[in-house]
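Enquirer: I would like to see how this sequence folds:
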Amino acid sequence: MQYSTLSSGALQEIILSKYPLDNIIQCEYLYRGLNDNYFVMDSQTKYILRVYRHNWRDLKDIESEMELLEQLKSNGVSVSFPIPDKTGNIIQKIYAPEGLRYAVLFSYAKGNAPLSEMTLNQSRNIGRELAKMHSLTINRRLKNNRCHLDINAMLHQSFYAIKPFIEDWEDDLKILEEIIKKLSSKFDEISIEDLSFGICHGDLYPSNYHFSVGDEVTLFDFDACCCSWFVQDIAAFCYTTIQYYRNDRKINKAFIDGYQEIRKLNKTEIDLIPYFGAVNHIWVLGTQCSNFEIFCHFVRTNIKRNIIRNLKKYVDKYCS
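Expert: Reported below is the predicted structural model:
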């Protein structure tokens, strides 16, 4: 068995019973991604239970993620944080049919994801919050140095993960090769030392932060946290904004202005935002192809629906 879906009732009985919750009234399966997520609610509070996929993250990887979240929380960054059980343990073990899996209960991020629209004030606020995080994690590495992302990992390794799924589409394969060649050439021209490096969120997409009624932002889903250049996080936000929102230029300006209220970017970093946007998207595609059993519908269908050609349009327009 590759990937079992665990019973909400069994999780409530075996795992959630370990926590000091007040009369659990709901444990509902939300969605399957790289991990499984369950909505949990007791008589007073909402939570999210994440069950990590077997062999996706090892124990040290998860420990490093929890350590990062606790440090960010203790230093005033608004993040969804792990909840300890009655004995103080944060990470639970589950012996699933496919093998050992881990589970963590997280605080619930108030509000909703900005999937249909985003205000300039919201954009500015998330820019500030990301900059607060980066100010704390600059020049730092995660425990056991997990997930170090460089250009080779994000571009070339991703290409080899994507290639088998578009080999029958020779034009798309050629286009992707040309895009990667163009992006690689750009990075050959600059000094990597000009880019600030540290621990990044790694997946700063609208589904991974919520805004409350008062536009306060909470970051969550740090499963992709990694050691990389900070401009990668910034570029992931800006690239997605272009895909999601009609007023993307104003939103991205507000985001970068908010970021620079806390932490300044140099000219090289600002100039590379569009390029890292394309790099990050290729890395996301590569991750999805590498996890075919989870994203099989996307890999089989959507990746051949102008995904590569739309990426080319972006590169032609923003990476001149």
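Enquirer: show me how this protein divides into domains.
Expert: 8-107, 120-318 (automatic domain parsing).
Enquirer: which one of the ones you listed lies closest to residue 113?
Expert: Distance to residue 113, taken as CB to CB, is lowest for domain 120-318 among the domains of the chain, at 5.2 Å. C-beta here means a position set from N, CA and C on the backbone, and glycine is covered the same way.
Enquirer: how many neighbours does residue 211 have?
Expert: 23 (other CB atoms under 10 Å).
Enquirer: give me the beta-bridge partners of it?
Expert: When bridges are called by DSSP bridges, residue 211 pairs up with residue 112, residue 217.
Enquirer: next up, the contacts around it.
Expert: The contact partners of residue 211, by CB atoms under 8 Å, 6 or more residues apart in numbering, come to 111-114, 122, 125, 217.
Enquirer: mind running it again at 6 Å?
Expert: Applying CB atoms under 6 Å, 6 or more residues apart in numbering, we find residue 211 in contact with 111, 122, 217.
Enquirer: now these in TSV, with pLDDT?
Expert: Output for the contacts of residue 211, formatted as TSV (pLDDT from 0 to 100):
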residue	pLDDT
111	96
122	98
217	98
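Enquirer: which residue would you name as the spatial centre of the protein?
Expert: residue 203 (1.9 Å; CA atoms, centre = their mean).
Enquirer: helix or strand for that residue, which one?
Expert: Using DSSP states H and E, residue 203 sits in no helix or strand.
Enquirer: contacting residues for it?
Expert: So residue 203 contacts residue 224 (CB under 6 Å, 6+ apart).
Enquirer: for it, what are phi and psi?
Expert: phi -150, psi 50 (degrees, to the nearest 10).
Enquirer: ok, back up a step: in TSV: the contacts of residue 211, plus distance to residue 72 and neighbour count.
Expert: TSV is the format used below for the contacts of residue 211 (distance: CB to CB, whole Å; neighbours: other CB atoms under 10 Å):
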residue	distance to residue 72	neighbour count
111	18	17
122	20	21
217	13	23
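Enquirer: list just the nearest of the residues you listed to residue 49.
Expert: Using CB to CB, the contacts of residue 211 come closest to residue 49 at residue 111, 19.2 Å.
Enquirer: the closest one contacts residue 210, doesn't it?
Expert: Yes. Using CB atoms under 6 Å, residue 111 is in contact with residue 210, at 4.0 Å.
Enquirer: tell me how many other residues surround residue 262.
Expert: Residue 262 is flanked by 15 other residues according to other CB under 10 Å.
Enquirer: could you measure the closest residue to it other than its chain neighbours against residue 207, distance?
Expert: Nearest residue to residue 262, sequence neighbours excluded (CB to CB, 6 or more residues apart in numbering): residue 131, at 3.5 Å. According to CB to CB, to the nearest Å, residue 131 stands 21 Å off from residue 207.
Enquirer: give me the more crowded residue out of the two.
Expert: Remark: of residue 131 and residue 207, residue 131 carries more neighbours, 23 against 14, as counted by other CB under 10 Å.
Enquirer: helix, strand, or coil at that one?
Expert: Here residue 131 is recorded as helix under DSSP: H, G, I helix; E, B strand; the rest coil.
Enquirer: separation between it and residue 320?
Expert: Computed as CB to CB, the residue 131 to residue 320 distance reads 28 Å.
Enquirer: same thing with residue 172?
Expert: For residue 172, the distance to residue 320 equals 22 Å [CB to CB].
Enquirer: kindly report the same for residue 112.
Expert: 36 Å.
Enquirer: more crowded one of these two?
Expert: residue 112 (11 against 7).
Enquirer: how near is the more buried one to residue 102?
Expert: Look at residue 112 and residue 102: by CB to CB, they are 28 Å apart.
Enquirer: and residue 174, that's in a strand?
Expert: No. Residue 174 is assigned helix when assessed by three-state DSSP, not a strand.
Enquirer: can you report how many residues neighbour it?
Expert: By the measure other CB under 10 Å, the count of residues near residue 174 is 12.
Enquirer: quick one, longest strand in the chain?
Expert: strand 99-107 (DSSP state E).
Enquirer: show me what that strand is packed up against.
Expert: With contacts taken as 3 or more CB pairs under 6 Å, 6 or more residues apart in numbering; DSSP states H and E, strand 99-107 sits against strand 46-52, strand 92-96.
Enquirer: let's go with 10 Å and repeat that
Expert: Identification of packing neighbours for strand 99-107 by 3 or more CB pairs under 10 Å, 6 or more residues apart in numbering; DSSP states H and E yields strand 35-41, strand 46-52, helix 59-74, strand 92-96.
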